[in-house]
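**Q** Only the shape, not the letters, is given here:
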């Protein structure tokens, strides 16, 4: 079975401006390796969760997948064709197939457009629905399905008249209206309050299941990602250090970094006693990273070998990969 | 004896002809050496409560009634001059975004020195530096931070500076307003750990304000659940978070995905926060409550003692368990 999207050795480097030399702002020598040789594939209807600390390249990866950024090297294949080719031949179709949900719904919409305009514009651009009335009807059906009732009340409101939860629903509706094949949800629920968050997650899951859409769920919240995704990838400084089925990664983490992340994730049950693995130091920046494993300065198991070369990805279980020297 | 006693505190914002009731009738007792977590969603009045304790709210648009008794003194009645002596020396705060509370154009050392001299005008520079470096050691900061600018530090380090700053007079009461929310899980874990150790060492009383229940469950002894300005449930963490009595607390805990075992269904609470500018007749949570009966819409529930140190404000709890 061919996968929906396949990412091969994707690389994205940003060059760092040198600010040390006075008055000369040019391209300096520092290279920020935001994404460094990332590979994975995603099937139809599958949900991939990406977790990691801030600055590890999660969002950059999301933006690369929907072609908002151009990769430095490597390729992304969408349904067997490279994204570059698709964009040349039929950019509109690609935009329809790949949609994105952003973190802050208040920044996503034009504050001067009403909800009706926001939603129908997407349909109009893609020539769905013959007349304005038909398009509005499609929107109303979608909104009522997602619990925005009565939809007519909301159609003529402006974004600032809605609460964050409602607006994020509209954001989800807009991205799902076109029946996309792939959705990138970049911290889509992080802004919301917990009591609302759970509802939005369920709405998102319901839609994705109904339409058999694949989703990349980017989040720093491990508990939520655990709940949503089928596959989890853990990123550290631009590289995937562990990837596998959700239950395998969460309950049987193999990479030291994954272990640290999971053990630090506090539970709401005060009686639960867990041993927290402590590490010192802060996440370093991905500028001019050395030849060794990126995690070794903070790793509790680091040895000389880790300093010299980057461990390759090996299979540690059923569709479960990790890159570390200590995997037996 | 309790260190801080809040009695029937009401805070009202008067904005554009509207009155917004941010904190309604809250009574809370904080014993010395306690650690209390205040949880609630955004807009539930947690931060307003903390600011009211220190009287940091703008007096022109805010009306505060009730009593806040700290160490036998009513903070709402004393003069501004007397209050200045208590602020920071006895009660100090760590805010959420330390990057916003530190001046970007002054070195860390200079800023700390400045604050220190407000209370100890006769202290010499060397004395202060010695004291600050000692504090830096407590919060795991290197000495060189003293001569750095805020932009040269990472988020976690800046938060540590803020904590060191709040501890400079060894206050009796420390309020942490979302102090670790903006940080990564690993850094958050480190800092929470350090705070717990400091509390032991310095005999602090700590109030922790957060929307993250997991932070409270792992670091606090007691928890207060707030919703739309009201205090709904207050008691030991081990009681409230395992066998919640109030429907809102139950709903809140169900909205958190759990780690262990099977992935069970995640349930949110329907609806959203009520408009705080309108006075509500009944229970504030009745509109969203699944178990609401007619009395919930008519009468405000009173805070009842469910057990020795467990207070719940709900009609249903009285009917079932309380005699």
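**A** Thanks, I have it. Since the structure is predicted, the reported quantities are computational estimates derived from the model, not experimental observations. Residues are numbered from 1 along each chain as shown, chains lettered A, B, ... in the order given.
**Q** for residue A:65, what are its contacts?
**A** A:5, A:7, A:76, A:98, A:182, A:184, A:216 (CB atoms under 8 Å, 6 or more residues apart in numbering or on different chains). (Glycine included, C-beta is placed from N, CA and C.)
**Q** mean confidence score for stretch A:240-255?
**A** Mean per-residue pLDDT for stretch A:240-255: 91.
**Q** Just the contacts of residue A:65: which are in strands?
**A** With DSSP state E as the criterion, strands contain A:5, A:7, A:76, A:98, A:182, A:184, A:216 from among the contacts of residue A:65.
**Q** where do the strands sit along the stretch 201-328 of chain A?
**A** Here the stretch 201-328 of chain A has its strands, by DSSP state E, counting those that start in this stretch, at A:214-218, A:231-236, A:239-245, A:314-317, A:320-322.
**Q** hey, which of those is tucked in deepest?
**A** strand A:214-218 (a mean of 26; mean count of other CB atoms under 10 Å in any protein chain shown).
**Q** That one and chain B, any residue contact?
**A** No: counting by CB under 8 Å from any CB of the partner chain, chain B has no neighbours in strand A:214-218; the shortest distance is 12.6 Å.
**Q** Now do that strand against strand A:231-236: the angle between them, please.
**A** 30 degrees (axes from the mean of the first three to the mean of the last three CA atoms, to 10 degrees).
**Q** Please name every helix or strand in contact with strand A:214-218.
**A** strand A:47-51, helix A:58-65, strand A:182-186 (3 or more CB pairs under 8 Å, 6 or more residues apart in numbering or on different chains; DSSP states H and E).
**Q** could I get these as TSV with mean pLDDT?
**A** Listed next are the helices and strands packed on strand A:214-218 as TSV, based on pLDDT from 0 to 100:
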stretch	mean pLDDT
strand A:47-51	94
helix A:58-65	90
strand A:182-186	92
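**Q** what separates whichever strand or helix holds residue A:134 from the chain centre, distance-wise?
**A** Using DSSP states H and E, residue A:134 sits within helix A:132-145. How far helix A:132-145 lies from its chain's middle: 28 Å, per CA atoms, centre = their mean, to the nearest Å.
**Q** what's the answer for stretch B:22-32, then?
**A** Offset of stretch B:22-32 from its chain centre (CA atoms, centre = their mean): 11 Å.
**Q** Let's see the distance spanning stretch B:76-92 from one end to the other.
**A** Counting by CA to CA, to the nearest Å, you get 17 Å between the two ends of stretch B:76-92.
**Q** go on, stretch B:50-69?
**A** Counting by CA to CA, you get 14 Å between the two ends of stretch B:50-69.
**Q** Find out how far that stretch is from the centre of the chain, if you would.
**A** The answer for stretch B:50-69 is 15 Å, by CA atoms, centre = their mean.
**Q** Report the buried residues of it.
**A** If you call a residue buried by 16 or more other CB atoms under 10 Å in any protein chain shown, then stretch B:50-69 has these buried ones: B:50, B:51, B:52, B:53, B:54, B:55, B:57, B:62, B:64, B:66, B:68, B:69.
**Q** can you list the weak-confidence ranges in the chain?
**A** Since you didn't name a chain, this refers to chain A. A:1-2, A:16-29, A:266, A:270-274, A:281-284, A:288, A:328 (pLDDT under 70).
**Q** wrong one, I was asking about chain B
**A** Confidence mapping of chain B against pLDDT under 70 gives the ranges B:1, B:98-99, B:259-264, B:318-323.
**Q** According to the record, where do the domains of it fall?
**A** B:2-90+B:169-258+B:268-321, B:95-168 (automatic domain parsing).
**Q** Chain A is nearest to which of these?
**A** Nearest to chain A among the domains of chain B is domain B:2-90+B:169-258+B:268-321 (3.4 Å), distances taken as CB to the nearest CB.
**Q** one step back: export the domains of chain B to CSV and tack on distance to chain A?
**A** Output for those, formatted as CSV (distance: least, CB to the nearest CB, whole Å):
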stretch, distance to chain A
domain B:2-90+B:169-258+B:268-321, 3
domain B:95-168, 5
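**Q** among those, which is the most enclosed?
**A** Among these, highest average neighbours (mean count of other CB under 10 Å) belong to domain B:2-90+B:169-258+B:268-321, with a mean of 19.
**Q** Run the chain-centre distance for that domain.
**A** Relative to its parent chain, domain B:2-90+B:169-258+B:268-321 has a centroid offset of 7 Å by CA atoms, centre = their mean.
**Q** got the residue ranges for the strands in the stretch 201-323 of chain B?
**A** Under DSSP E, counting those that start in this stretch, the stretch 201-323 of chain B gives strands at B:205-210, B:222-227, B:230-236, B:304-307, B:310-312.
**Q** Generate CSV for those, with distance to residue A:296 as supplementary columns.
**A** Below are the strands of the stretch 201-323 of chain B laid out as CSV (distance: least, CB to CB, whole Å):
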stretch, distance to residue A:296
strand B:205-210, 33
strand B:222-227, 39
strand B:230-236, 42
strand B:304-307, 51
strand B:310-312, 48
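**Q** Show me the residue at the heart of chain A, geometrically.
**A** In chain A, the residue lying closest to the centroid (CA atoms, centre = their mean) is residue A:218, at 2.9 Å.
**Q** near chain B, which residues of chain A?
**A** Taking CB under 8 Å from any CB, the part of chain A that reaches chain B is made up of A:53-54, A:163, A:165-166, A:193-202, A:220, A:222-224, A:226-227, A:250, A:260-261, A:264-272, A:276, A:278-280, A:282-283.
**Q** One more pass at 6 Å, please.
**A** A:53-54, A:163, A:193-195, A:198-199, A:223-224, A:227, A:264-268, A:270, A:282 (CB under 6 Å from any CB of the partner chain).
**Q** My guess is residue B:176 contacts residue B:94. True?
**A** Yes: between residue B:176 and residue B:94 there is a contact at 4.8 Å, judged by CB atoms under 6 Å.
**Q** ok, the residue nearest to residue B:295 when sequence neighbours are not counted - contacts?
**A** Nearest-residue entry for residue B:295: residue B:315, 5.3 Å, with adjacent residues in sequence omitted and distances by CB to CB, 6 or more residues apart in numbering or on different chains. Contact partners of residue B:315, counting by CB atoms under 6 Å, 6 or more residues apart in numbering or on different chains, are B:295, B:296, B:301.
**Q** could you redo the last one with a cut-off of 10 Å?
**A** Contacts for residue B:315 (CB atoms under 10 Å, 6 or more residues apart in numbering or on different chains) come out as B:282-283, B:286, B:291-296, B:298-302, B:304.
**Q** try residue A:202
**A** With CB under 10 Å, 6+ apart, residue A:202 has these contacts: A:147, A:227, A:228, B:265, B:266, B:267, B:268.
**Q** What is the burial count for residue A:210?
**A** Counted with other CB atoms under 10 Å in any protein chain shown, residues neighbouring residue A:210 total 10.
**Q** Also the one 10 residues further on?
**A** Burial of residue A:220, expressed as a neighbour count using other CB under 10 Å, amounts to 18.
**Q** Repeat that for the one 4 residues further on.
**A** For residue A:224, the number of neighbouring residues by other CB under 10 Å comes to 23.
**Q** Pretty sure it sits against residue B:266.
**A** Yes: Residue A:224 lies in contact with residue B:266 (CB atoms under 10 Å); the separation is 8.8 Å.
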